[in-house]
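Trainee: here is my input, please return the structure:
(one chain, ligands or ions: 1)
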Amino acid sequence: MKVDGKPYRTIWLGPDGTTVQAIDQTLLPHDFVVRDLATVSDAERAIRTMIVRGAPLIGAAAAYGMALAMAEDPADAMLARAYTRLLESRPTAVNLRWALDDLRALLAPLPPAKRRDAAYKRAAEICDEDVEICRRIGENGLALIRKMKPRGDRINALTHCNAGWLATVDWGTALAPIYQAHDAGIPIHVWVDETRPRNQGASLTAWELGKHGVPHTVIADNAGGHLMQHGQVDFCIVGSDRTTRRGDVCNKIGTYLKALAAHDNGVPFYVGLPYPTIDWTIEDGHRDIPIEERSARELSHLTGRTEAGTTATIAVLPDGSAAANPAFDVTPARLVTGLVTERGVCAASEAGLLSLYPEQTRAA
Ligand code: MRU
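Mentor: Prediction:
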């Protein structure tokens with residue numbers, strides 16, 4: 001997508017052919033800075049500190065992390081160490097494990113001298129594939145939007161967190177259909193949940209929708225239910241960090257509450273996701289998905305731009321109050337209207353997913 005007229009992806013190989021470059025998402029929306037990732041430690045830190053974030057982008061960054069490791073030292077010990085280190089950088093998004101497994105399976109049988117080039121080639125392929133997958137999610141979601149009968153003069157979508165192009169390599173998952181609808185001339189407006197505590201909605205989704213010219217309004221996380229009660233939301237669409245084979249959806253904390261409100265108000269609740277986000281090894285998301293507990297500081301402090309134009313961090317809690325910060329929740333499949341994938345739209349159920357991915361059927 002474009003930033004001030006210039007096309008960007010979120011991550012790419014730098015001009016020296018080794019260093020990886022990525023947009024620093026911790027500084028948006030106020031500063032647009034590109035970071036160099038020169039070592040596997042840089043890649044690991046970028047994922048852990050959320051310079052790069054969003055399940056598909058975490059997978060792409062991990063793939064490049066493996067390439068950086070092989071550029072440093074292509075020996076078996078480094079391969080094993082890089083895999084473990086990167087895997088531990090964030091626990092919830094399954095795309096991370098998917099990308100690391102893919103790279104390790106490719107690299108382990110190769111002689112060390114061939115690993116560097118093979119790793120960079122595969123990381124680039126994973127990025128290109130992500131762009132194409134997200135484009136197709138957009139097409140499949142657009143077909144749904146075309147059939148909607150808006151209650152007003154525009155279609156009102158509601159989204160949570162950031163599942164736009166910043167969360168992927170390009171296009172986004174949940175936002176890809178919205179970009180395509182907007183580009184097709186469909187009047188569409190997005191209610192953007194601010195998404196406390198890290199404000200991915202307010203800082204990232206609002207920024208990228210604005211850069212593309214998509215009408216949007218940021219709302220407090222608690223406002224969505226009220227808007228749904230008053231007929232102001234035609235559909236919800238969110239991304240996913242891990243979806244089980246039965247269609248339970250793990251996504252940014254607060255997604256479950258939106259799904260409950262949508263269910264209570266008869267508002268369709270869709271999830272956009274690429275195939276590496278499906279964890280075929282688990283069924284029950286509530287029981288089997290490890291939920292990342294992040295620092296209480298994300299809750300107790302806010303960083304933003306002052307009226308003087310400087311960046312400042314302020315405390316918002318009383319001294320001594322404890323804070324808990326589970327970063328994701330699980331929305332049970334029964335609350336999900338449909339899963340929008342690169343292969344089409346299906347019911348959030350094992351049968352639904354297998355209708356699109358029959359190769360995942362278990363042997364009887
Ligand atoms: O903690 P983050 O910012 O990495 O959160 C992940 C997400 O971006 C969201 O949960 C998103 O909705 C799914 S990833 C497209």
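
Trainee: who's in contact with the residue in the stretch 101-250 of the chain positioned nearest to the ligand?
Mentor: Per C-beta to the nearest ligand atom, residue 239 is where the stretch 101-250 of the chain lies closest to the ligand, at 3.1 Å. Backbone N, C-alpha and C define where each C-beta goes, glycine included. When contacts are counted by C-beta atoms under 8 Å, 6 or more residues apart in numbering, residue 239 touches 54-55, 161-163, 167, 172-174, 251-252, 271-273.

Trainee: phi, psi of the closest residue to it other than its chain neighbours?
Mentor: Distances taken as C-beta to C-beta, 6 or more residues apart in numbering put residue 163 closest to residue 239, at 2.7 Å, once the chain neighbours are dropped. In terms of degrees, to the nearest 10, the main-chain angles of residue 163 are phi -120, psi 40.

Trainee: is stretch 14-34 positioned near the ligand?
Mentor: No: legend: contact between stretch 14-34 and the ligand by C-beta under 6 Å from any ligand atom is lacking; minimum distance shown is 8.0 Å.

Trainee: in CSV, list the C-alpha atoms belonging to that stretch.
Mentor: Extracted C-alpha coordinates of stretch 14-34, given in CSV (Å, rounded to 0.1, in the frame of the first residue of the first chain):
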residue,chain,number,x,y,z
GLY,A,14,17.6,-4.0,2.1
PRO,A,15,19.9,-2.8,-0.8
ASP,A,16,23.0,-4.7,0.6
GLY,A,17,21.2,-8.0,0.1
THR,A,18,21.6,-9.1,3.7
THR,A,19,20.1,-6.5,6.0
VAL,A,20,16.3,-6.6,6.4
GLN,A,21,14.3,-3.5,6.6
ALA,A,22,10.9,-3.0,8.3
ILE,A,23,8.6,-0.1,9.3
ASP,A,24,8.9,0.6,13.0
GLN,A,25,5.3,0.2,14.2
THR,A,26,6.0,1.4,17.7
LEU,A,27,6.5,4.9,16.4
LEU,A,28,3.3,5.2,14.3
PRO,A,29,1.2,7.2,13.8
HIS,A,30,3.4,10.2,14.6
ASP,A,31,6.7,9.1,13.1
PHE,A,32,7.4,6.9,10.0
VAL,A,33,10.8,5.3,10.6
VAL,A,34,12.3,2.3,8.8
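
Trainee: list the buried ones in the longest helix seen in the chain?
Mentor: In the chain, with assignment by DSSP state H, the single longest helix is helix 112-147. Of the residues in helix 112-147, 115-116, 118-120, 122-124, 126-127, 129-131, 133-138, 140-142, 144-145 count as buried by neighbour count, 16 or more other C-beta atoms under 10 Å.
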